[in-house]
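> dropping the sequence and predicted coords here.
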Amino acid sequence: MADARTADLAEEVAGLDEDSYLHIHGRVVDCAEIDGRLVTPAALQDLLCRRLDVRYAVIVLDPDTVTRIAAVVSWPGRTVDTAGCLDTITRAFGPSVASTVVVLPVDRIPLTEQGKPNRPEIRRLGRELADEPSLN
């Protein structure tokens, strides 16, 4: 049985709109309230995909480090501006959220056999990137 906090968060990460359509904003385990704002993978992905250099983005939480790994694919002929992505997140969600994000530029999003984002592989790649000396 879920406790009250889990039930409250579940209501925040999914809800009905005025036409009674259900909208899922993310998995409860991947969502957090930071500085009074609900931070969901869908919100971060949508924000990054509004950038002209980002074609597609997938956000995966690394529960061991509480880091949000943003695997991002650029448009053909462009390069993802990782600092610009973090600046976009800072402006929209604040520095407390941006400090938890690692931007991982990839040529393609790793997929499972079923064609869904391969979350464990994205976590592994994000940990490798975070371990690079230039980021420490």
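Looks like it arrived, so ask away. Because the structure is a prediction, the values reported are computed rather than measured. Residues are numbered from 1 along each chain as shown.

> ok, residue 112 - contacts?
Contact criterion Cβ atoms under 8 Å, 6 or more residues apart in numbering gives residue 118 as the residues in contact with residue 112. All C-beta atoms are positioned from the backbone trio N, CA, C, and that covers glycine.

> quick one: the strands in the chain, in order.
14-16, 22-24, 32-34, 37-39, 54-62, 67-74, 101-105 (DSSP state E).

> any idea which of these scores lowest on pLDDT?
If you rank the strands of the chain by mean pLDDT, strand 22-24 sits at the bottom with a mean of 62.

> could you list the low-pLDDT ranges of this protein?
Residue ranges of the chain with pLDDT under 70: 1-15, 22-32, 133-136.

> nearest the middle, which residue of it would you pick?
residue 59 (2.6 Å; Cα atoms, centre = their mean).

> which strand residues bridge it?
residue 70 (DSSP bridges).

> circling back: dump the strands of the chain to TSV, plus distance to residue 80.
Formatted as TSV, these follow (distance: least, Cβ to Cβ, whole Å):
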stretch	distance to residue 80
strand 14-16	30
strand 22-24	26
strand 32-34	24
strand 37-39	21
strand 54-62	6
strand 67-74	5
strand 101-105	4
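
> so which residues of this protein form helices?
In the chain, the helices defined using DSSP state H lie at 4-13, 41-49, 82-93, 95-98, 119-131.

> tell me which of those is the most buried.
When the helices of the chain are scored by mean count of other Cβ atoms under 10 Å, the highest mean neighbour count falls to helix 41-49 (a mean of 19).

> which residues does stretch 63-79 contact?
Under Cβ under 8 Å, 6+ apart, the answer for stretch 63-79 is 29, 39, 41, 44-45, 48, 52-62, 80, 85, 100-110, 117, 122-123, 125-127, 130.

> CA atoms of that stretch as CSV?
What follows is stretch 63-79, C-alpha atoms only, in CSV (Å, rounded to 0.1, in the frame of the first residue of the first chain):
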residue,chain,number,x,y,z
PRO,A,63,19.1,6.6,-8.7
ASP,A,64,22.6,5.9,-7.3
THR,A,65,23.8,9.4,-7.9
VAL,A,66,20.4,11.2,-8.2
THR,A,67,21.6,12.5,-11.6
ARG,A,68,19.3,13.1,-14.5
ILE,A,69,21.0,11.9,-17.6
ALA,A,70,19.8,13.8,-20.7
ALA,A,71,20.6,11.7,-23.8
VAL,A,72,20.2,14.1,-26.6
VAL,A,73,20.4,13.7,-30.4
SER,A,74,21.2,16.7,-32.6
TRP,A,75,19.6,17.6,-35.9
PRO,A,76,21.6,16.5,-39.0
GLY,A,77,24.5,18.9,-39.6
ARG,A,78,24.2,20.4,-36.1
THR,A,79,26.0,19.8,-32.8
